[in-house]
Every structure is written in structure tokens, then in C-alpha cells.
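Peer 1: using only what follows, build the 3D model:
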Amino acid sequence: MTTAVGAALHVTNGDSAGDVIERSRFEGRVLSWQDVPHEGPLLPGTRRDFLHARAAFLAEEGWQDAATIRRALEGRDRKLLEALREGREVVLWFEHDLLDQLQLIEILSLAGEPDVNLTGLNSGTPTRSRASRSFTAWGSSNRTSSSRSGPCVDR
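Peer 2: Numbers count the residues shown, from 1 in each chain. Model prediction:
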């Protein structure tokens, strides 16, 4: 998919949803928020410590080595924050199940950095905000399926 500067960032719960979006009429990049937050540690503290613990756990589960996973998680976070700081629209594609809701909580928490302003958040119908930084949330009528094929794939 060719991405224009300033195009939307579509954040999904995994590869399956990301693949559907890539084949659709939607423009922009797809970022799969791959992790299984309902399994393993979710430690309080710094983001760095949190990602280190997640990477160690996922490595123990056989996904990849911890250093590779940690770099992928850090890169994923960086891509989301860069899109928000650049004022690009971020479209969230998540369902009502536990996995998706935990991923969504993590994303909104991360986006709650002091210099990130969340506006236009809405569940149900897609919206476009004129604010400098915005999220668009797609409701349950726009569901896609999830996948656990591996951590942090960005296309």
C-alpha cells in the first residue's frame, strides 16, 4: 500500500484485521498492535520497564527472542506517538472482547502523554476531527477478526 504523507494510521488488533484493511479502500498505514495482554505480566512503572517485562514474557512463550520483541514493541509505540504528534488521523479497529479492550486501554494510556490531545473519539460511526490530533473509533458494526501470528508487525 502506498502511503501519502499525513495519511491515516489504522491501528488493529492483529494481522488478520490489518490484512483486511490493507485490501480495502482505506488509505494509510496499518499498525498491528500485537500482544496478548490478557496473558503474562502487566507491570506498573515506566513504559520501558513495562515493555521489557512484556518482551521477556513473550520470549519465554516462544514468539521470538526478547531483544527483538522489545525493539518491535518500542517501534510500535513510536509509530503511534509520531502519528499523533504529526496530527495524523489514527483509526482504531477494535472489538468488544477482552483482548481488544486491553489493547485499546494500552493505546489510549500511551496516547495520554502530556503532548497528545485526544479528540473526536466516538464509538459507532467513523468521524474526522479538525483537531490537530485525533482518533477515529469504529464500532461493533465494523468488526474484523483478530489473529495471534506474532508480535508487533507493521506494514
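Peer 1: buried stuff in the longest helix seen in the chain?
Peer 2: If you go by DSSP state H, the chain has its longest helix at helix 66-85. Neighbour-count burial for helix 66-85, with 16 or more other C-beta atoms under 10 Å as criterion, is recorded at 66, 69-70, 72-74, 76-77, 79-80, 83-84. Glycine gets a C-beta too; all of them are placed from N, C-alpha and C.
Peer 1: which parts of this structure are strands?
Peer 2: Remark: strands assigned in the chain by DSSP state E are 9-12, 29-32, 89-93, 134-137.
Peer 1: pick the most deeply packed of the ones you listed.
Peer 2: Highest mean neighbour count among these (mean count of other C-beta atoms under 10 Å): strand 9-12, with a mean of 26.
Peer 1: average pLDDT for it?
Peer 2: For strand 9-12, mean pLDDT rounds to 93.
Peer 1: that strand pairs with which strands, parallel or anti?
Peer 2: Here strand 9-12 is paired, per DSSP bridges, with strand 29-32 (parallel), strand 89-93 (parallel).
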